[in-house]
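Asks: sequence plus predicted model, see below.
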Amino acid sequence: MSLLENPEPSSAWNEIRAELRRALGQSTYEIWIAPLEVRALDRGRLLLQGPPATQSWIAKRFGPVLDRCAQAVLGDGARVSLDSAPARPRPSQAGGPSPEAEASLVTLNPRYSFDQFVIGDGNRLAHAAALAVAELPGQAYTPLFLYAPPGLGKTHLLHAIGNYLTTFGGAQVRYTTAEAFTNHFIRSLGTHSVGHFKRLYRDADVLLIDDVQFLASKARTEEEFFHTFNALYETGRQLVLTADRLPSALKGLEERLRERFEAGLVADIRPPDLLTRMAILRKRALLDAISIDDDGVLELIARRVTDNVRSLEGALIRVVAYHSLTGRQIDGELTNRVLDSVCPQISTKPLSITSIQAEVAARFGLTTAELVSASRAAAVSWPRQLAIYLARELTASSLQDIGDAFGGRNHATVLHACKRVVERIRGDMQAAGELEELSDSLSASA
């Protein structure tokens, strides 16, 4: 198809907009394309005006589809360029899913907000990425893939994104689980409503899918999800996915899906450290209006329950419930009695700073004297930082006691060493492996 000669700009733009509606879906069209205005059309080059805040991103994300739709109307050589125009309010979203569609989606939990999420070293990257996605859907990271074992907060962040966008973003948000997506797809096949199923998910501006590992070994559902993913990704929409493992470890999924999951930002959530666990308990107590006068109770729970946030909050609820039913004061004795029934203490000899120093020194071929020395050589400073971090995590020693055991260092130096370890293991798999091996070895010997 050759280029049309001297078409009228506004008439050509109206035809191109009709093509764009079909290609992008109504909601995406209304948000991103409707504000664009035609400025000129010269020898197949269509110049559009866009709001200054979004025009460069629109050109980057929608450039190929703009060109394709222009070529469908004007001919093969047509191209679209964007220029800035004064910003104007974004059109509001009209309506939402039909009642039938609502029944197929999972409801967002209003308690799962960014305000209620406790940030710690183990989840800082995931939280920052989720907030960036909520503030700039389709622009920051797409797809965003969050992975963690159960109970560490990935579902909380997924709901927080949805709640934020529903409240402030004006975007069409769809949230569901992989299991619900599968059941809905199977139901649509049986009721011959696949077209409606596709529109529900592919017209979304933001699609949030929880526990994508459950798509494994479901060939037809995987195929449909693959096309849904592509339809959203290629038109600049936002996808956020969660799973209990890395994309590369989802062995039951097709390779092409795993590759797409890895195409954006992949962020993990690690178990919270002691201070974060205590902050989580304080936040939950405040949220539920629970009054606990003895702060040592929260520390006791945080030290006894370490596996995940869900278990941690559940332990607090059990302690409060026992107090409510018996009228007994919430103190260490009551807390230990309740916790003994849900997470019995294993009789072990307590770890000492000395034993940690000996283990770390042996692991790196050093003497304990070298480990606690003033040497700043890399071969000594990294093992020393690891030993300090492990002493803080695995013993009840104070910061000052730890500093004294490492050559008389002060508490600020101890905190700095712990911070350096956390920063390094985020991007260094070998360092993370060394920490895990040492922690496992020390736990086994206790």
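Replies: Thanks, I have the structure now.
Asks: what's the distance between G50 and I58?
Replies: 6 Å (C-beta to C-beta, to the nearest Å). In short, each C-beta sits where N, CA and C put it, glycine included.
Asks: for those two, list the residues in contact with both.
Replies: 36, 82 (C-beta atoms under 8 Å, 6 or more residues apart in numbering).
Asks: quick one, which of the two is more surrounded?
Replies: G50 (22 against 19; other C-beta atoms under 10 Å).
Asks: now the more buried one. Its backbone dihedrals?
Replies: Dihedral pair for G50: phi -140, psi 160, per degrees, to the nearest 10.
Asks: which secondary element of the protein has the worst mean pLDDT?
Replies: Among the helical and strand segments of the chain, the one scoring lowest on mean pLDDT, DSSP states H and E is helix 99-104, with a mean of 48.
Asks: packing partners for the helix or strand hosting I388?
Replies: Assigned by DSSP states H and E, I388 falls within helix 378-394. With contacts taken as 3 or more C-beta pairs under 8 Å, 6 or more residues apart in numbering; DSSP states H and E, helix 378-394 sits against helix 353-363, helix 368-371, helix 399-405, helix 411-427, helix 429-445.
Asks: show residues contacting the last one.
Replies: Going back to what we said before, that points to helix 429-445. With C-beta under 8 Å, 6+ apart as the test, helix 429-445 has contacts from 351, 355-356, 359-360, 363, 382, 386, 389-390, 393-394, 421, 424-425.
Asks: filter the residues you listed down to the buried ones, ChimeraX style.
Replies: With 16 or more other C-beta atoms under 10 Å as the criterion, this ChimeraX line picks the buried residues out of these:
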select :351,355,356,359,360,382,386,389,390,393,394,421,424,425
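Asks: tell me the one of the contacts of helix 429-445 nearest S217?
Replies: I425 (33.0 Å; C-beta to C-beta).
Asks: longest single helix anywhere in the protein?
Replies: The longest helix of the chain (DSSP state H) is helix 55-74.
Asks: pLDDT averaged over that one - what is it?
Replies: For helix 55-74, mean pLDDT rounds to 82.
Asks: packing partners for the helix or strand that it is followed by?
Replies: Downstream of helix 55-74, the next assigned helix or strand under DSSP H and E is strand 79-84. Applying 3+ C-beta pairs under 8 Å, 6+ apart, one finds that strand 79-84 contacts strand 45-50, helix 55-74.
Asks: about what we covered before: list the helices and strands the next helix or strand after the least confident helix or strand of the chain packs on?
Replies: Beyond helix 99-104 in the direction of the C-terminus, DSSP H and E gives the next helix or strand as helix 124-135. Judged by 3+ C-beta pairs under 8 Å, 6+ apart, helix 124-135 is in contact with strand 144-147, helix 154-164, strand 238-243, strand 265-268.
Asks: touching helix 124-135 from outside, list them.
Replies: Contacting residues not belonging to helix 124-135 are listed as 114, 117, 119, 140-142, 144, 146, 148, 153-154, 157-158, 160-161, 164-165, 169, 238, 240, 265, 267-269, 426 [C-beta under 8 Å, 6+ apart].
Asks: go with 7 Å
Replies: Contacting residues not belonging to helix 124-135 are listed as 114, 117, 119, 140-141, 144, 146, 157, 160-161, 164-165, 238, 240, 265, 267-269, 426 [C-beta atoms under 7 Å, 6 or more residues apart in numbering].
Asks: how about stretch 323-335?
Replies: With C-beta under 7 Å, 6+ apart as the test, stretch 323-335 has contacts from 292, 294, 296-297, 300-301, 319, 322.
Asks: keeping just the C-alphas, turn that stretch into PDB.
Replies: Output of stretch 323-335 as PDB, limited to C-alpha atoms (Å, rounded to 0.1, in the frame of the first residue of the first chain):
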ATOM      1  CA  HIS A 323      -4.900 -12.900  77.800                       C
ATOM      2  CA  SER A 324      -8.500 -12.000  76.800                       C
ATOM      3  CA  LEU A 325      -9.900 -15.400  77.700                       C
ATOM      4  CA  THR A 326      -8.100 -15.900  81.000                       C
ATOM      5  CA  GLY A 327      -7.700 -12.300  82.200                       C
ATOM      6  CA  ARG A 328      -4.000 -13.000  82.900                       C
ATOM      7  CA  GLN A 329      -1.500 -10.200  82.300                       C
ATOM      8  CA  ILE A 330       0.500 -10.200  79.100                       C
ATOM      9  CA  ASP A 331       4.000 -10.800  80.300                       C
ATOM     10  CA  GLY A 332       7.000 -13.100  79.500                       C
ATOM     11  CA  GLU A 333       5.500 -16.100  81.400                       C
ATOM     12  CA  LEU A 334       2.200 -16.000  79.600                       C
ATOM     13  CA  THR A 335       3.900 -15.400  76.200                       C
END
